[in-house]
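In: for reference, the sequence and a predicted model appear below.
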Amino acid sequence: MKLKNIFTLAIVVILTNIAVSQEGLPIYTDYLTDNYYLIHPSMAGAANCAKVRLTARQQWFGHDDAPKLLTMSVNGRIGDSPSGIGGIVYADKNGFHSQKGAYATYAHHIMFSRSEVDLNMLSFGLSAGFIQYQLDETSFLFDGPDPLIDGIVQNATNFNMDFGFSYQFLDYYAHATVKNILNNEGINKDPNITSNLRRYLISVGGVLGKYGSPWSYEPSVMLQYRDATEEASIDINAKVYRQMDFGSLWAGLSYRNSFDGAEYISTNTVNSQRLQQITPLVGVNYKNFMFAYTYTHQANSVVYTNGGFHQFTLGINFGCRRERYDCKCPAINN
């Protein structure tokens, strides 16, 4: 590949990561580590226990200013009421760009079953919060003044909202969420691109297993669509659980594929590739504690680096209720 083509591809990769970092809380596979509330506000207080989840994600070890993300979320029921509340704070840094955000959530859960033995629940959730964006331009003017660069740390703060619903029926579930409902004023002097950060998420899945068996299996699918860029992708996931005396062990695999491709030139030939990521994950639930590790590998032909994305999740459950649903539903029954 010629030097010019390598440089062009590098610019595209960097700009792609910058665009992702500007879309509020990034959507990775951390929802698979017992953290559906992180992307679906309707899951606040849906489980039998209140939950705290801490996530740290680091991309491309060994590279300066590589993307990294820290999140903390907490959610639970309001006493014995059918309502739940939650909160999320996060910090996302990607080179010269960074953002910090905080959301508060209210959710309401409607039970259709006669008792809490059989799970049949419809939930609605609304999150509202602020996102502060930063662009550090202090090192940009190495070639002299530029009318498009101020040479300072640019700041912009926007308010936005997420809304979604969830339906849980026995061992099966469906979630749908609209994130960043409101239009922003725009950031980085390009409001035509950055004012609309709306994203649509749909998740469906279920947990399968023989009655009385310590093993269970959870296939699931998540679709996401970005309104402004008309990009769509799909996550195909599979997890397996083994019940133990102390809690459970679990592992899984996620495959993310974009429906939209990008062209690049190699040996004077125009080729096309789509975003493809493979993510194995392992975790353990020990009494009221949870630990998980995920590693994301980019399967594209052309990537910025061969290094993958490492992510660690720590969690604790508290305020657990005695009632437990008669279903294999790990997102609810813990």
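Out: Yep, that arrived.

In: so Ala174 sits against Ser166, correct?
Out: Yes. Between Ala174 and Ser166 there is a contact under C-beta atoms under 8 Å: 7.0 Å. Where you see a C-beta, it was placed from the backbone N, CA and C, and this is true even at glycine.

In: of these two, which one has the most company?
Out: Ser166 (26 against 14; other C-beta atoms under 10 Å).

In: so that one makes contact with Met43?
Out: Yes. Under the criterion of C-beta under 8 Å, Ser166 makes contact with Met43 at 5.9 Å.

In: quick check: neighbours shared by those two?
Out: Counting by C-beta atoms under 8 Å, 6 or more residues apart in numbering, the shared contacts of Ser166 and Met43 are Ser123, Gly125, His175.

In: what's the neighbour count on the last one?
Out: Look at His175: counted by other C-beta under 10 Å, it has 26 neighbours.

In: do the same with the second one
Out: Using other C-beta under 10 Å as the criterion, Gly125 is surrounded by 28 other residues.

In: and the helix or strand harbouring it, what does it pack onto?
Out: Using DSSP states H and E, Gly125 sits in strand 120-136. Other helices and strands packing on strand 120-136, by 3 or more C-beta pairs under 8 Å, 6 or more residues apart in numbering; DSSP states H and E, are strand 83-94, strand 97-111, strand 153-169.

In: got the buried residues for the first one?
Out: Buried residues in strand 83-94, counting neighbours by 16 or more other C-beta atoms under 10 Å, are found at Gly84, Ile85, Gly86, Gly87, Ile88, Tyr90, Asp92, Lys93, Asn94.

In: which stretches of this structure aren't confidently modelled?
Out: 1-23, 60-65, 116, 137-153, 186-194, 261-268, 270-273, 300-307, 323-324 (pLDDT under 70).

In: can you pull out the helices in it?
Out: With DSSP state H as the criterion, the chain has helices at 3-21, 191-194.

In: pairing partners for the top strand by length along the chain, with directions?
Out: Using DSSP state E to define each element, the chain has its longest strand at strand 247-266. Within its sheet, and counting by DSSP bridges, strand 247-266 is paired with strand 231-243 (antiparallel), strand 269-286 (antiparallel).

In: about what we covered before: okay, the shared contacts of Ser166 and Met43 in a markdown table with distance to Phe309 next?
Out: Below are the shared contacts of Ser166 and Met43 laid out as a markdown table (distance: C-beta to C-beta, whole Å):
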| residue | distance to Phe309 |
| --- | --- |
| Ser123 | 30 |
| Gly125 | 28 |
| His175 | 24 |
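
In: which of those residues lies closest to Ala66?
Out: Distance to Ala66, by C-beta to C-beta, is smallest for His175 among these, at 30.7 Å.

In: how far away is the closest one from Ile131?
Out: Distance, His175 to Ile131, using C-beta to C-beta, to the nearest Å: 22 Å.

In: again, but for Arg321
Out: For Arg321, the distance to Ile131 - C-beta to C-beta - is 34 Å.

In: number of nearby residues for Asn183?
Out: 15.

In: spatially nearest residue to it (excluding sequence neighbours)?
Out: Using C-beta to C-beta, 6 or more residues apart in numbering and skipping residues adjacent in sequence, the residue nearest Asn183 is Ser195, 5.0 Å away.

In: pretty sure the one you found contacts Glu185?
Out: Yes. In this structure Ser195 lies within contact range of Glu185 using C-beta under 8 Å: 6.7 Å.

In: which one of the two is surrounded by more residues?
Out: Neighbours were counted for Ser195 and for Glu185 using other C-beta under 10 Å; Ser195 has more, 16 against 10.

In: tell me the contacts of the more buried one?
Out: By C-beta under 8 Å, 6+ apart, the residues touching Ser195 are Asn183, Asn184, Glu185, Gly186, Ala228.

In: now stretch 279-288, how far from the centre of its chain.
Out: Remark: stretch 279-288 is offset 17 Å from the chain centroid, using C-alpha atoms, centre = their mean, to the nearest Å.
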